[in-house]
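Asker: Sequence and predicted structure below; questions after.
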Amino acid sequence: MSTERHYEREFVRTFFTSPTAVKGEEDSAKMIRSASGLRGMQAPDVWVPDNEDATAPNMRDEGAENIVEVVAENGADFPGEIHPRIVWHRDSPATRYQGFQRMLKIADPEGGAVEHIDGFVVPEVGDIDDWKKADEFITIIENEHGLEEGSLSMSVIIESGEAELAMGDLREEMGKPSNNLERLFLLVDGEVDYTKDMRAMTPTGELPPWPELRHNTSRGASAAGLIAVDGPYDDIRDVEGYRERMVDNRAKGMTGIWSLTPGQVVEANTSPLPPEEGSWLIEVGGEDVELEPDDDRQVYEGDAIGLEEDGDEYVLRVGSDERRLDEDELREELLDMTSYVPSMDDIVDSMEEFEAAKEAGRGAIAMTQATTLVIDGVEVEVSNDRMWDEATYQAAQTPITLFQDVYEHRPDQHEELAEMYSEDVVERAMQVGN
């Protein structure tokens with residue numbers, strides 16, 4: 001099987017769910033009506049009118065009607081993709097039938113919504129045969145309504161050990177003439193139900209972090225040419241924890257994350273993009289601390305590291321460890337402790353320089369990073385030469401490719417992106433790597 005993607009988007013940053021029907025409200029569709037009006041950085045890449053967990057069971061029929069009404073009315077202007085979530089369960093034929101009936105209603109061209117709907121999200125899937133059942137239902141719906149076969153994508157939520165193992169079967173199963181699994185789009189982690197399915201417990205009752213599940217989902221998506229998305233981060237006030245989770249995910253190749261509020265959408269939309277300004281970090285107690293820029297200097301303002309001059313030598317204190325070093329030894333030690341986070345402009349500069357060198361027939365060039373560190377008023381010059389070859393260039397291209405994908409598919413964010421980076425940097429970023 002080829003891992004070539006079957007859709008235009010290469011990245012999804014945000015997966016935002018909203019209830020399709022709210023009981024006791026004059027307008028039961030008020031939540032999805034509000035979500036359909038989101039624009040710019042507040043609008044997700046994938047919006048999920050959620051007719052499953054977010055909507056009470058006795059409101060789901062009305063929820064399906066609300067999806068049709070709101071998407072028919074506002075879907076054409078929504079800047080992201082629209083993927084309603086329906087009910088499904090690997091162990092319940094009755095639940096699967098309900099999901100089928102509601103998909104059939106939502107996709108009816110007479111309602112006017114399906115032309116704006118990109119696909120459906122199927123929760124609680126089991127083994128690969130269960131994935132095929134959902135795929136076959138969507139194929140039947142397409143044929144029933146005269147839609148092009150494969151025009152509706154299918155995303156699944158990994159909420160069981162069965163579904164996790166099924167990801168390993170995708171490479172073999174996708175592309176067989178007996179199914180339309182090429183319609184698959186997102187693999188989304190659902191850690192809450194996964195925890196229940198695994199019968200896992202923690203002393204505090206909080207969810208385990210499940211790094212293995214996130215790794216396996218990212219690997220499964222990569223192997224099958226799909227996109228991996230992490231599950232919901234329930235503590236919506238813990239912005240820093242949300243950011244840390246996204247940083248950890250991106251190190252696994254998982255760019256997307258579930259967003260529960262428009263505020264989380266903004267964080268998840270901006271966090272994966274290259275930073276506006278570069279920054280220097282210094283490792284303190286196993287954690288990276290950002291240094292404070294002061295003109296061309298980088299100043300450490302904490303007390304876990306100390307430095308003083310003593311004649312021709314220096315005394316460097318890190319925590320309770322104290323060492324006497326000469327100037328060269330100090331530079332080497334501080335160089336090992338520091339790292340640089342490049343800005344968008346830095347990445348574009350480096351890529352342009354390598355492209356020019358390659359055009360001139362050179363296969364590798366040295367890129368220098370240098371700054372002046374200031375610790376306890378003592379200044380130390382540090383510099384590092386990094387060799388750039390084709391592999392380095394390709395690795396650096398990933399965040400630029402993400403930016404280009406966002407810029408192409410989210411014109412509603414162009415103004416905000418230009419404010420972040422400047423028109424010049426945006427224009428150059430759209431040119432490199434092509």
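Answerer: Received it, and whenever you're ready, just let me know what you need.

Asker: how about low-confidence regions in this structure?
Answerer: Applying pLDDT under 70 to the chain flags the ranges 1-7.

Asker: ok, the residue most central in space within it to Val315 distance?
Answerer: By CA atoms, centre = their mean, the chain has its centre lying nearest to Gly256, at 1.9 Å. Per CB to CB, to the nearest Å, Gly256 is found 48 Å from Val315. (Glycine included, C-beta is placed from N, CA and C.)

Asker: Now do the same contact list for Gln98.
Answerer: Under the criterion of CB atoms under 8 Å, 6 or more residues apart in numbering, the neighbours of Gln98 are 60, 86-87.

Asker: Kindly recompute the last result at 7 Å.
Answerer: With contacts defined as CB atoms under 7 Å, 6 or more residues apart in numbering, Gln98 is in contact with Val87.

Asker: now could you export just the CA positions of the longest helix seen in the chain as CSV?
Answerer: The longest helix of the chain (DSSP state H) is helix 390-409. The C-alpha trace of helix 390-409 is given here as CSV (Å, rounded to 0.1, in the frame of the first residue of the first chain):
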residue,chain,number,x,y,z
GLU,A,390,20.2,17.6,2.6
ALA,A,391,18.9,15.6,5.6
THR,A,392,19.1,18.7,7.9
TYR,A,393,17.4,20.7,5.2
GLN,A,394,14.5,18.2,5.0
ALA,A,395,14.1,18.2,8.8
ALA,A,396,14.0,22.0,8.9
GLN,A,397,11.4,22.0,6.2
THR,A,398,8.7,20.3,8.3
PRO,A,399,7.6,23.5,10.2
ILE,A,400,7.8,25.4,7.0
THR,A,401,5.6,22.8,5.2
LEU,A,402,3.1,23.1,8.1
PHE,A,403,3.1,26.9,7.7
GLN,A,404,2.6,26.6,3.9
ASP,A,405,-0.3,24.1,4.4
VAL,A,406,-2.0,26.4,6.9
TYR,A,407,-1.5,29.4,4.6
GLU,A,408,-3.0,27.5,1.6
HIS,A,409,-6.0,26.1,3.4
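
Asker: So which bits of it are buried?
Answerer: 392-393, 396, 399-400, 402-407, 409 (16 or more other CB atoms under 10 Å).

Asker: quick one, phi psi at the nearest residue to Val318 once chain neighbours are set aside?
Answerer: For Val318, ignoring the flanking residues on the chain, the nearest one in space by CB to CB, 6 or more residues apart in numbering is Ile305 at 5.5 Å. When read as degrees, to the nearest 10, the backbone of Ile305 gives phi -120, psi 130.

Asker: Correct me if wrong: Ile305 contacts Asp376.
Answerer: No - counting by CB atoms under 7 Å, Ile305 does not reach Asp376; the two are 8.3 Å apart.

Asker: Of those two, which one has the most company?
Answerer: Comparing Ile305 with Asp376 by other CB atoms under 10 Å, the one with more neighbours is Ile305, at 19 against 13.

Asker: so how far is Met337 from that one?
Answerer: From Ile305 to Met337 the distance is 8 Å (CB to CB).

Asker: now Met344
Answerer: Met344 is 25 Å from Met337, by CB to CB.

Asker: Which of the two has more residues huddled nearby?
Answerer: The neighbour comparison of Met344 against Met337 (other CB under 10 Å) goes to Met344, with 24 against 18.

Asker: The more buried one and Phe403, how far apart?
Answerer: Distance of Met344 to Phe403, computed by CB to CB: 7 Å.

Asker: Please apply the same query to Asp326.
Answerer: On the measure of CB to CB, Asp326 and Phe403 end up 44 Å apart.

Asker: residue ranges for the strands of the stretch 51-200 of the chain, please.
Answerer: 81-82, 119-122, 153-158, 184-189 (DSSP state E, counting those that start in this stretch).

Asker: Repeat that for the stretch 301-434 of the chain.
Answerer: Under DSSP E, counting those that start in this stretch, the stretch 301-434 of the chain gives strands at 305-310, 313-318, 321-325, 338-341, 365-375, 378-388.

Asker: mind putting the ones you listed in a markdown table, distance to Glu149 included?
Answerer: A markdown table is the format used below for the strands of the stretch 301-434 of the chain (distance: least, CB to CB, whole Å):
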| stretch | distance to Glu149 |
| --- | --- |
| strand 305-310 | 63 |
| strand 313-318 | 63 |
| strand 321-325 | 66 |
| strand 338-341 | 46 |
| strand 365-375 | 49 |
| strand 378-388 | 46 |
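
Asker: can you dump the C-alpha coordinates of the helix or strand containing Ala223 into PDB?
Answerer: In this assignment (DSSP states H and E), Ala223 forms part of helix 211-224. The C-alpha trace of helix 211-224 is given here as PDB (Å, rounded to 0.1, in the frame of the first residue of the first chain):
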ATOM      1  CA  PRO A 211       2.400   8.200  25.800                       C
ATOM      2  CA  GLU A 212       2.400   4.800  24.200                       C
ATOM      3  CA  LEU A 213      -1.100   5.300  22.800                       C
ATOM      4  CA  ARG A 214      -0.100   8.700  21.300                       C
ATOM      5  CA  HIS A 215       3.100   7.200  19.900                       C
ATOM      6  CA  ASN A 216       1.100   4.300  18.400                       C
ATOM      7  CA  THR A 217      -1.500   6.500  16.900                       C
ATOM      8  CA  SER A 218       1.100   8.800  15.300                       C
ATOM      9  CA  ARG A 219       3.000   5.800  14.000                       C
ATOM     10  CA  GLY A 220      -0.300   4.200  12.600                       C
ATOM     11  CA  ALA A 221      -1.200   7.500  10.900                       C
ATOM     12  CA  SER A 222       2.300   7.900   9.400                       C
ATOM     13  CA  ALA A 223       2.300   4.300   8.100                       C
ATOM     14  CA  ALA A 224      -1.100   4.600   6.500                       C
END
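
Asker: List the buried residues in stretch 72-79.
Answerer: So for stretch 72-79, counting by 16+ other CB under 10 Å, buried means 72, 74-75, 78-79.

Asker: same check, this time on stretch 273-283
Answerer: Neighbour-count burial for stretch 273-283, counted by 16+ other CB under 10 Å, picks out 273-275, 278-282.
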